[in-house]
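Engineer: can you look at this prediction? I've put the sequence above it.
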Amino acid sequence: DSGVTQTPKHLITATGQRVTLRCSPRSGDLSVYWYQQSLDQGLQFLIHYYNGEERAKGNILERFSAQQFPDLHSELNLSSLELGDSALYFCASSVGGASGYQETQYFGPGTRLLVL
Amino acid sequence: EDKVVQSPLSLVVHEGDTVTLNCSYEVTNFRSLLWYKQEKKAPTFLFMLTSSGIEKKSGRLSSILDKKELSSILNITATQTGDSAIYLCAAHNFNKFYFGSGTKLNVKP
């Protein structure tokens, strides 16, 4: 158990809908990262938050958004869902994003999203 | 463009064999190189490498970083069926982790 929690574990929804995925980082970790992993594909970096502020964006669609709250949990919002959004969504956390840190990143169990 | 490339993409070996997985990176402001093992769930952390030439070991697994060549290798000796997984490497800079596409290792009895 990495200490990172994600809910829900599974989500089935229809095209055009909106869903929210939730992540709680390990105790003491200030950074949260979101990744998308489609079938037989590698991890695609979506977005990084550090202590409530957006730090970096990757290949995140405009239909997707995220935020990190004062208690450091994070939510990834996916809207106008398409069939191609079906994937495993991972959240990972690390201690912090300050310059000079060598970071180890720990992954949550993931949310499996199926869009029908 | 920052990127991480792993090779081979897949590998089939028999129990007891030794395997070497490769990872090369081109990442600005590089900080560290990480290896993960992914079975049918979330990636689990194996190693973090920051200094060139220093080997890290954990049981039958070992890894080393070559900053001059911008590469790293992961060695697994005396492989077991439980080593079957996708092995991911990631390069960390200030704000992002860049992941390779992984090497899928299949260890046959």
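Structural biologist: Now that the structure is in, tell me what you want to look at. Numbers count the residues shown, from 1 in each chain, chains lettered A, B, ... in the order given.
Engineer: what does chain A have sitting close to chain B?
Structural biologist: Residues of chain A lying close to chain B by CB under 8 Å from any CB of the partner chain are A:2, A:33, A:35, A:41-43, A:45, A:48, A:55-56, A:58, A:90, A:92, A:97, A:99, A:101-110. In short, each C-beta sits where N, CA and C put it, glycine included.
Engineer: from these, list the buried ones, please.
Structural biologist: Buried subset of the residues of chain A next to chain B (neighbour count, 16 or more other CB atoms under 10 Å in any protein chain shown): A:2, A:33, A:35, A:42-43, A:45, A:48, A:55-56, A:58, A:90, A:92, A:97, A:103, A:105-110.
Engineer: among the residues of chain A next to chain B, which are in strands?
Structural biologist: Judged by DSSP state E, the subset of the residues of chain A next to chain B located in strands is A:Y33, A:Y35, A:F45, A:H48, A:R55, A:A56, A:F90, A:A92, A:Y106, A:F107.
Engineer: quick one: which of those is nearest to A:H10?
Structural biologist: Nearest to A:H10 among these: A:F90, at 14.0 Å, using CB to CB.
Engineer: pull the contacting residues for that closest one.
Structural biologist: Counting by CB atoms under 8 Å, 6 or more residues apart in numbering or on different chains, A:F90 makes contact with A:Q6, A:W34, A:Y35, A:Q36, A:Q37, A:L43, A:F107, A:G108, A:G110, B:A42, B:P43.
Engineer: what residues are up against B:S101?
Structural biologist: Neighbour list for B:S101: A:Q41, A:G42, B:V5, B:Q6, B:L9 [criterion: CB under 8 Å, 6+ apart].
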